[in-house]
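Chemist: curious how this folds, go ahead:
(chains A and B)
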Amino acid sequence: MKAWVLARREWRVAFDTPIAYVVLALFPALTAAFFLLMGPFFAQRQASLRGFFALLPMLFILVVPATTMRLWAEERRSGTEEILHTYPFRVRDLVLGKFLGAWGLVFSALVLTLGIPLAVASLGPLDWGPVWGGYFGSMLLGAACVAIGLFCSACCRNQIVAWILGALVILLFNLCGSAAVAAAMPKGLAALLLQMDFGRRFESLHRGVIALPDVVFFVALTALFLIANGLVVETRRWRS
Amino acid sequence: MAQSEAPTSARSVHRQAWISALLVALLTLCVVVLSQRLRWRLDLTEENRYSLAPATLQLLDRLEDRLDLVLYFNQDIEGAEALLPVRLLIQDFLDELAAYGGDKVVVRTVDPTTDLLARQDAEHAKIAAVPFQELSVGALSVAELYQGLEMRYQDRSEVIPFIRPERMEFAFAVRLASLIEKQRPVIGFFSREPPAPPLMPGIPPRTPPDRIFEDLRNAVGRRFAVRDVELDRLEAVDQDLVALVVAQPQNMTAREVFSLDQYLAGGGHVLVLYDHLKVALPSWAPSPVESGLDAWLNGLGLAVGKRLLWDERGNPIQVDSRVVETQSGQQQEVPIFLNYGLFPELQDDSLNQSNPATAFLSQLDLLWAHPLQIREVPAGVEKEVLLQSSKRSWALPLDVTLSTSPGNLQALKAHAISLGPGRSYPLAVALSGSFPSQFLGKEIPPVTNPEAEEEQTAPPGSEASALRSAEGQGLLVLIGDSDLFRNEVLRQSPAQGSFAENLFDWLGQNADLIHLRMRGRKDREIRNFYQEYVEEEGAFATTDEEKREVDRGATRYQRGRQRQIAWLLVLGPAVLVLGLGLLRWRWRQKAAAKPYQAQFTSGSSTS
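Modeler: As a prediction, this is how the structure comes out:
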């Protein structure tokens, strides 16, 4: 409940700054531009959103850390983190509140892309199963990316550094299953890294198959980074 | 003292945090790895296209050893991105197999275009590259496309030379079934052809000219063992046959019909290649044939019309030639082709696109085919039309002249049109389900073959009590033409061979596999703005210049509509969000200005 209060506060604060508007305006514009103007959608002439969902992991690398970079780094820079700790909130509530606030922003950005499936459905017989699967997967992927971004923000004092660090970590999760990485790694490690690959996990979801291992992966990764975030904040609180 | 305790405490918290983080990370890793064993999944697609059919799963459950799947695929398809969805479908299917099969199914992808060993393996497995047009920047070139699958199990292997994703599961399941079976499944063959001469060591076999279906036997023999059967016996048809072919039935005795009936009623699979006319080649002299099957077929709600089908979409056939003078002044003989309506050319719309036997055939030719009449089939039996003629078809009498002379073709066409408007006729039908015996309550026909009679040991009356009816899931395919599988036709037309292979693959399977259908066949093509424009504006374009103008206009229209949609989706949400942001900013400005304004107003009034 306390987390909800914090989430709403974070949500409101986000809309007091231009960042939320920039993210919300850019995200659907970029996805539509890459998918419809630069992608092969009109050339392939198939009512399918696979190309659209294939773009999301790459766009999340840029967009999600931008929504989370400020959350802890700004508190530290302006010295409000100590004040935050004086409020009757546990660290768990603080982390969860900030996470839910940022995740809500990602959710809003995804809602703004709904025009794309609607437009495609008006052009041809779209199978909505993979679309719902894709949006469900995007929410899970978004949650994992937000948790990573939030953790990186907690580790930095500077927003830009937090953004770069967040983007790098998400990029690593997107690349760890690639053929180049697999070739350079021992077989066992390559197999393990393949299981950690965001693109591979997300692809399975956006083709319309909700598999339990994929859901467990994203939920577990989100939980891991939120717990790590809590530990970082907790340690700093004790230090201060 | 307190000063030294604080850093120790901070250090211990720090250490504790690190240990906790490591433990959580380890736990997460374990959860992720262990979760791979969970099999729960929800397929949200309309046609459940990513879920393996129960028949395939049953086959995978029967694997006793490792099944190696080698996918021959060129990784780099730059310039042919249109192939990407097809490739993803194939990868998805193989991923599903690997996920279900666990350690028993190993999928390996090799690229014969870059890997020399893989190229040799592909050649050895008879997986050939298919040329495709590659569109690179400003140029069109032809590249090689590999899309084959080799299946290795124990000491045997099967190959799908070119995978078609929608047909993939059926093709895979059929081959897997063949790999798992210890012995090759047997197909029985019944016809009035003379028996094959005995094989002599060192002497190549010579086929008697009257064995007109020998090439069909050989084609089927690649995947099945083919055995000629006699139906006039007490236990005429072994129930271990996976299918029975009745090719061009002639004067079948009551006992033979009874055997056929019992095989079908017991859950057997039967293919009947029916003809009312036996046409001698190359003279094209017809002679009528009495099959002896009509009453039995009538009992199943089927009849083969004593008519010949004339389809306006007939196969082009050389009817004459004329001599023309070339530009260099030389005289050259040019053949004249006319559509021979008695050889219907079945195209996409005439082939059942959901049945594995007929889907993906680009074309199929029939010769002197007879239209079928499908009446009410018995309860518990389902019917499915496999082949049908075009809508411009007519049923001509059996006694028409078959000659291909231009005069006769004109006469045949005139005769056809005089019969009224054309319509589509069924030419092949499949009945599946539990077939009741046609001999229920009737006298069982006695064995007439003297050799077989000697073998009869069953006491009188025992057959009636052992009469089979509606036992198991039977399948009957009736084609109103047998000439399509004659040696001469099979040698000339690869499409007929493909149809024969598909048909026997389908017939040779169990009930589950028979009902495995095409998936992902639903056409999901988006609106074609170019076509819409052409249909609206270009209907009356006749000259080349007008056609070019329509083409230019259609291209402009298509581009315009596509850009309109794209820019609306690019700018629409962005403008909406920025507009809302602006409104909120204005509102906040006003809200922030209010107290000062009030203060200023009250101050000025005071002064």
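
Chemist: okay, strands next: where are they in chain A?
Modeler: Under the criterion DSSP state E, chain A contains strands at A:209-211.

Chemist: quick one: low-confidence residue ranges for it.
Modeler: A:1, A:179, A:240 (pLDDT under 70).

Chemist: the stretch 1-150 of chain B now?
Modeler: Using pLDDT under 70, the stretch 1-150 of chain B drops low at B:1-10, B:76-85, B:133-142.

Chemist: point out the residues in it that sit beside chain A.
Modeler: Counting by CB under 8 Å from any CB of the partner chain, the stretch 1-150 of chain B comes close to chain A at B:9-10, B:13-14, B:17, B:20-21, B:24-25, B:28-29, B:31-33, B:35-36, B:38-46, B:50, B:81-82, B:85, B:88, B:92. Bear in mind the C-beta positions are built from the backbone N, C-alpha and C, glycine included.

Chemist: buried ones among those residues?
Modeler: Buried subset of these (neighbour count, 16 or more other CB atoms under 10 Å in any protein chain shown): B:13, B:17, B:20-21, B:24, B:28, B:31-32, B:35, B:41, B:43-46, B:50, B:85, B:88, B:92.

Chemist: now the helices for chain A?
Modeler: A:2-14, A:18-32, A:41-44, A:50-78, A:80-86, A:91-111, A:115-123, A:128-155, A:159-175, A:179-184, A:187-195, A:198-206, A:212-239 (DSSP state H).

Chemist: what's the most buried one of these?
Modeler: Among the helices of chain A, helix A:128-155 has the highest mean neighbour count (mean count of other CB atoms under 10 Å in any protein chain shown), at a mean of 25.

Chemist: what sits against the closest residue to A:F225 other than its chain neighbours?
Modeler: Leaving out its chain neighbours, the residue that sits closest to A:F225 by CB to CB, 6 or more residues apart in numbering or on different chains is A:A147, at 3.7 Å. Going by CB atoms under 8 Å, 6 or more residues apart in numbering or on different chains, A:A147 touches A:F99, A:L221, A:T222, A:A223, A:L224, A:F225, A:L226, A:N229.

Chemist: try it again at 10 Å.
Modeler: Contacts for A:A147 (CB atoms under 10 Å, 6 or more residues apart in numbering or on different chains) come out as A:64, A:68, A:95, A:99, A:102-103, A:218, A:221-229.

Chemist: pull the most distant pair out of those.
Modeler: Taking CB to CB as the measure, the contacts of A:A147 span a maximum distance of 18.8 Å, between A:V64 and A:I227.

Chemist: for chain B, which spans come out with low pLDDT?
Modeler: In chain B, residues with pLDDT under 70: B:1-10, B:76-85, B:133-142, B:233-239, B:360, B:448-465, B:510-523, B:538-542, B:595-607.

Chemist: show me the domain layout of it.
Modeler: B:54-171, B:186-197+B:206-507, B:529-599 (automatic domain parsing).

Chemist: go through those and name the closest to A:E74.
Modeler: Checking those against A:E74 by CB to CB gives domain B:529-599 as the closest, at 19.3 Å.

Chemist: strands of the stretch 201-350 of chain B, start to end?
Modeler: B:225-228, B:241-247, B:269-273, B:277-280, B:285-288, B:302-304, B:307-311, B:314-325, B:331-346 (DSSP state E, counting those that start in this stretch).

Chemist: with distance to B:D551 and mean neighbour count added, can I get those in CSV?
Modeler: As requested, those are exported to CSV (distance: least, CB to CB, whole Å; neighbours: other CB atoms under 10 Å in any protein chain shown):
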stretch, distance to B:D551, mean neighbour count
strand B:225-228, 54, 15
strand B:241-247, 51, 24
strand B:269-273, 48, 25
strand B:277-280, 48, 16
strand B:285-288, 50, 12
strand B:302-304, 49, 21
strand B:307-311, 33, 25
strand B:314-325, 29, 13
strand B:331-346, 30, 17
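
Chemist: re earlier: B:E123 is nearest to which of the helices of chain A?
Modeler: helix A:179-184 (25.3 Å).

Chemist: where does the stretch 451-600 of chain B come near chain A, residue by residue?
Modeler: B:520, B:522-529, B:558-559, B:561-563, B:565-582, B:584-585, B:588 (CB under 10 Å from any CB of the partner chain).

Chemist: mind checking how far whichever residue of the stretch 151-300 of chain B sits closest to chain A is from B:T56?
Modeler: Going by CB to the nearest CB, chain A is nearest to B:P165 of the stretch 151-300 of chain B, at 13.0 Å. According to CB to CB, to the nearest Å, B:P165 and B:T56 sit 15 Å apart.

Chemist: what of B:R167?
Modeler: 13 Å.

Chemist: need the contact list for the spatially closest residue to A:G97 that is not a sequence neighbour.
Modeler: Nearest residue to A:G97, sequence neighbours excluded (CB to CB, 6+ apart): A:L6, at 2.4 Å. With contact taken as CB under 10 Å, 6+ apart, A:L6 is in contact with A:L84, A:Y87, A:F89, A:D93, A:L94, A:V95, A:L96, A:G97, A:K98, A:F99, A:L100, A:G101.
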